[in-house]
Every structure is written in C-alpha cells, then in structure tokens.
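In: here is a sequence together with a model predicted from it:
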Amino acid sequence: MVAKRFSVSQAIIMLVISLFSLACLLPFLMVISGSLSIENDIVNYGYSLIPRHITFDSYRILFLGSNRIVDAYGISILVTAAGTVLSLIVNSMGAYVMARRSFKYRNILSIYVILTMLFSGGLVPWYIICVRYLELKDTIWAMILPPMANAFNMFLIRNFMQSVPEDIYESAKMDGASEYRIFGRLIIPLSVPVLATIGLFVALSYWNDWFLGLMFIDKQELQPLQLLLRTLVSNVDFLRNSSNAAAMQRIMPQIPSESMKMALTVVTIGPIVFLYPFLQRYFVKGLMVGAVKG
C-alpha cells in the first residue's frame with residue numbers, strides 16, 4: 001500500500017514538472033512562430049503558437065549583410081569564451097585568497113571587495129580610465145576586461161571553497177605543495193560545480209552585452225553581435241516611425257519590425273541554449289552550496 005502511494009505521488013510530481021516544463025517552452029515556441037509570421041498577422045491577431053502565414057522575410061532582411069553577421073558572431077563568441085575563462089581565473093584566485101584562513105589579511109580584502117559592491121566611481125571616471133589610461137578604445141579587450149572581476153561571483157566561489165576542510169590544506173602543505181599547486185591541483189577540481197555555475201552566469205553576461213560595444217567600439221569589424229542587431233532594430237524602428245517622406249510611407253508596411261525582433265531573438269539565443277545542457281548537472285549543486293556554505 002505504501003509503495004502504491006509512493007508511485008502515485010511520484011506520478012503527480014512528474015505531471016506537475018512536465019506541465020511546468022511545457023509552460024517554460026511555450027514562450028520560446030511563440031518567439032519562433034512570431035519570427036516566421038508576416039507583420040500584418042502579428043499586428044492584427046497578436047502572437048500565436050502556429051503562424052497563420054509562414055514567411056522568411058525577417059530572416060532575409062536580417063541576413064542581407066550576412067558577412068557582418070558572421071563577423072559579429074565570431075567577435076561575440078571570442079569575447080564570451082575569453083571573458084568567461086579569464087573571469088573564472090581572476091574570481092577563483094581572489095576567492096581562494098579570501099577563503100584561506102592562514103592569510104591574515106583576508107578580512108581586509110573581503111571588506112575591500114564588498115565596498116566595490118556598495119559604491120561606484122560613476123560612468124564618466126570609469127570611461128576616462130578605460131579610454132585614456134588603459135587605452136581600450138576600439139580593442140577587443142574593451143569588451144572583456146571591464147566586467148572580468150565580479151565581487152558577487154567572487155564571494156560565491158569563496159563560500160564554496162570555505163566548505164573544503166582545513167585538513168586538506170594542511171596535508172598538502174606537509175607534502176610540500178605550494179599555494180599555486182594546492183590551488184590548481186586540489187581546490188579547482190573540487191570547485192568544478194560552483195565554477196560551472198558561475199561560468200554559465202558569466203557567459204550569459206558576456207554574450208548578451210551590447211553596452212560595452214556601444215561605449216568603446218567604433219570599428220564595424222569589432223562590433224559584437226548584440227550591438228549589431230540592436231543597431232539594425234533601431235534603424236528599422238526609425239524607418240517605420242518616420243512620416244516625413246512619402247517614400248518612407250510606401251515602404252513602411254513592407255518592413256517586418258515585430259517579426260524581425262523575434263528573428264533576432266532566435267539568432268542570438270542559440271549558442272547559450274546549447275551551452276546550458278553541458279552545465280546543467282553542476283548548476284543546482286554549485287549554486288546552492290556556494291550560496292549556503294560558510
């Protein structure tokens with residue numbers, strides 16, 4: 001009787017999870033449907049799961065400058081990959097120092113890191129430092145270096161590392177291991193769950209960022225994908241909202257601005273969707289342990 005009750009409860013839980021998963025999938029399906037719908041159907045009937053009339057006009061317009069799209073994709077992939085790796089290295093090294101109880105200045109360092117979360121120098125001083133002193137203008141590093149060190153991520157990793165027993169450090173020290181060896185050969189393998197979780201957050205941040213490109217990048221060949229697509233959408237909205245010229249009025253109905261926005265979402269979401277399944281098994285464990293321990 002107990003086993004039967006358990007199986008029924010399990011079936012109910014699976015049903016609820018399945019319905020919830022389907023509810024999470026519906027918006028993505030509506031985005032795909034919207035990208036394949038003609039503009040008049042979206043304006044008159046709104047978004048739906050199945051397009052009334054299928055068209056690829058949004059994708060055709062989007063890939064008119066296919067070379068620029070491909071170049072922007074390459075820039076975004078390079079920035080995301082390099083930024084994620086470097087960010088994990090910097091944040092994990094800072095977290096390791098703050099987690100080591102033998103380092104007597106770790107509390108002072110922790111307070112310093114916390115202050116960066118509470119106070120900001122402002123946009124103008126930050127821009128002057130990046131452009132005039134660090135000379136990041138029109139370089140790929142302008143989209144990698146500014147957000148590389150993150151105090152919140154550093155504290156999550158530190159909390160996870162503090163859960164490692166101190167005896168492990170002492171045993172490694174007795175075997176003659178240096179701090180670099182302990183960090184690289186011992187702590188990093190143990191911290192894979194939290195590093196994978198933070199890596200997913202950082203990759204999402206780098207991939208979706210367009211602000212740094214807008215601030216520092218003037219060269220078209222260095223524009224990331226998000227900035228290029230934002231510029232394209234802005235140009236389309238300008239054409240549709242312009243009512244000064246009769247020529248604009250004639251071409252306005254032919255510009256699928258709403259369906260193009262959905263097509264842009266489909267184009268940009270692809271790499272991150274494929275990244276998540278590889279990190280999913282670490283996601284919950286790394287987030288919960290990193291947030292609770294300590």
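Out: Ah, there it is. Numbers count the residues shown, from 1 in each chain.
In: look up phi and psi at Gly122.
Out: The phi and psi values for Gly122, taken as degrees, to the nearest 10, are phi 100, psi 160.
In: that one and Leu136, how far apart?
Out: 17 Å (C-beta to C-beta, to the nearest Å). C-beta: built from backbone N, CA, C; applies to glycine.
In: which pLDDT value belongs to Glu251?
Out: Slight slip there: residue 251 is Ile, not Glu. Looking at Ile251, its pLDDT stands at 51.
In: same check on Pro125?
Out: The model reports Pro125 with a pLDDT of 89.
In: CA atoms only: put whichever strand or helix holds it into PDB for me.
Out: Secondary structure assignment for Pro125, by DSSP states H and E: helix 123-128. Taking Å, rounded to 0.1, in the frame of the first residue of the first chain, the C-alpha atoms of helix 123-128 are listed here in PDB:
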ATOM      1  CA  LEU A 123      30.200  56.300 -15.500                       C
ATOM      2  CA  VAL A 124      32.400  59.300 -16.600                       C
ATOM      3  CA  PRO A 125      35.500  58.400 -14.500                       C
ATOM      4  CA  TRP A 126      35.100  54.700 -15.500                       C
ATOM      5  CA  TYR A 127      35.000  55.700 -19.200                       C
ATOM      6  CA  ILE A 128      38.000  58.100 -18.800                       C
END
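In: lowest average confidence, helix or strand, in this protein?
Out: Least confident helix or strand of the chain, by mean pLDDT, DSSP states H and E, is helix 246-251 with a mean of 52.
In: now name the helix or strand holding the closest residue to Phe183 other than its chain neighbours.
Out: In space, and not counting its chain neighbours, Phe183 is closest to Tyr96: 5.3 Å by C-beta to C-beta, 6 or more residues apart in numbering. Taking DSSP H and E as the definition, one finds Tyr96 inside helix 66-99.
In: helix or strand right after that helix?
Out: Proceeding N to C from helix 66-99, the next assigned helix or strand is helix 106-118, under DSSP H and E.
In: on contacts alone, who are the packing partners of that next one?
Out: Applying 3 or more C-beta pairs under 8 Å, 6 or more residues apart in numbering; DSSP states H and E, we find helix 106-118 packed against helix 66-99, helix 151-161.
In: please identify the buried residues of the last one?
Out: It refers to helix 151-161. Ala151, Asn153, Met154, Phe155, Leu156, Ile157, Arg158, Asn159, Phe160, Met161 (16 or more other C-beta atoms under 10 Å).
In: kindly report the same for stretch 85-100.
Out: For stretch 85-100, by 16+ other C-beta under 10 Å, it's Ser87, Leu88, Val90, Asn91, Ser92, Gly94, Ala95, Tyr96, Val97, Met98, Ala99, Arg100.
In: for Ile157, what are its contacts?
Out: With contact taken as C-beta atoms under 8 Å, 6 or more residues apart in numbering, Ile157 is in contact with Asn91, Ser92, Ala95, Ser191, Val194, Leu195, Ile198, Gly290.
In: quick check, nearest of those residues to Ile217?
Out: Asn91 (24.7 Å; C-beta to C-beta).
In: still on that earlier bit, out of the buried residues of stretch 85-100, which is nearest to Arg230?
Out: Ranked by distance to Arg230 (C-beta to C-beta), those are led by Ser87 at 23.0 Å.
In: distance of that closest one relative to Ser178?
Out: For Ser87, the distance to Ser178 - C-beta to C-beta - is 24 Å.
In: any weak-confidence spans in the chain?
Out: For the chain, the stretches with pLDDT under 70 are 1-6, 65-66, 236-255, 270, 276-294.
In: done for today, thanks.
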